[in-house]
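In: pasted the sequence and its predicted model underneath.
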Amino acid sequence: MLRLCFTAEDLLQVTFADEPAPMVELTLAIAALQRPDPLFTPWRRRTLHTLPRSAGPLLELVPATAKGPLFLDPMSRGFDDGLDQVLSASTPFVRTELSRVHAAGRRPIPWTRLLADRDREAWQILEHAVRSVHAGILARSWDRIRAGFDAERAWRVQSLAAQGIRATLTGLAPGARWHGTTLEFDSTDDIEVTLDGHGITLLPSVFWTGRPLVGRYAQSTFLVYPAVTPLPLLDDPTANALATLLGRTRAAILEQLTRPRTTTDLASQLDLAKSSVSEHTKALRAARLTIAHRDGKTVWHSCTPLGLGLLTGSLPAPQEG
């Protein structure tokens, strides 16, 4: 069981990550390639077929449980910064994490011993593997990863406003429950984390479908949980019902509005004229899918709960009259 021990101060400091963490998503993608999850089967077969052999070392380091060495998935805003953090991880940290992974039953791999000894060639192999996985999985899907992350974050923020923090946190995973001020998740491991007044940051992943994972980075604690819409559904080329319903341009605008954006932002992002954007946003407002508010001369657009429900497939049940 995973137990997160909150204080009142911790509950006031529950936040959502602003954006996906590239290195975390990279290691979770490696785990997804090895997990027997039917939802990911077509994606897994397609990805393994196209992934270069140079990515193989990461499949040896990161198991299906995603509990690989923590030096592989630092929190970073960009891939390059994250890779720099991996390559500059301290030798004691690297050795400790490799020992932990091997002690957990992962078969020792000869070249990882060279990593612990800071062998230059071994670290070049690791760097090449990380770059290969980034190019073969993350880079080509990053727009969809970001769109899924933004929709998930916006949906949870709406949940927080409507239901409060306790219900929002138990809604992150089936079977989650409160025992006093301790939040419990079913887990094969017995882990208790005391937050000590530092709060926690929620980090959804479109690659992860397992039980929530917790990680500490400096004094920050992150809870990684499965996004409502996993990557295969975001990737599904037949999943164009929204475009069929609204039209391609209006669907694209709605997908952008999981975060507030101006008319100028939308025109630039979608390569449209401002007058065209204004017409489409007017139609979306009329359908109660978006709202707009003016700040001086600037108009900001964002999704309504109905619009978010349409994006995530989580529309509320109709009320009986």
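Out: Received it, and whenever you're ready, just let me know what you need.

In: who's in contact with the nearest residue to Lys274 once chain neighbours are set aside?
Out: Take Lys274 and drop its neighbours on the chain: the residue closest to it by C-beta to C-beta, 6 or more residues apart in numbering is Ala267, 4.8 Å away. To be clear about C-beta, it is placed using only N, CA and C from the backbone, and glycine gets the same treatment. Neighbouring residues of Ala267 by C-beta atoms under 8 Å, 6 or more residues apart in numbering: 273-274, 276-277.

In: ok, Ala267 to Asp81 distance?
Out: From Ala267 across to Asp81, the span is 30 Å (C-beta to C-beta, to the nearest Å).

In: now for the residue nearest the centre of the chain: which residues touch it?
Out: The residue lying closest to the centre of the chain (C-alpha atoms, centre = their mean) is Ser205, at 2.5 Å. Residues near Ser205 by C-beta under 8 Å, 6+ apart: 20, 24-25, 28, 224-227.

In: report the buried members of those.
Out: 20, 24-25, 28, 224-227 (16 or more other C-beta atoms under 10 Å).

In: just for the chain, where's the confidence low?
Out: 104-109, 218, 235-245, 312-321 (pLDDT under 70).

In: how far away is the residue nearest to the centre of the chain from Leu28?
Out: 5 Å.

In: equivalent analysis for Val94, please.
Out: Counting by C-beta to C-beta - Val94 and Leu28 are separated by 20 Å.

In: try Pro63
Out: 12 Å.

In: for Glu121, same thing?
Out: Relative to Leu28, and taking C-beta to C-beta, Glu121 is found at 27 Å.

In: coming back round to it: of all the buried ones among the contacts of Ser205, which comes closest to Gly148?
Out: Ala227 (5.7 Å; C-beta to C-beta).

In: quick one, phi/psi of that closest one?
Out: Phi and psi for Ala227, reported as degrees, to the nearest 10, are phi -70, psi 150.
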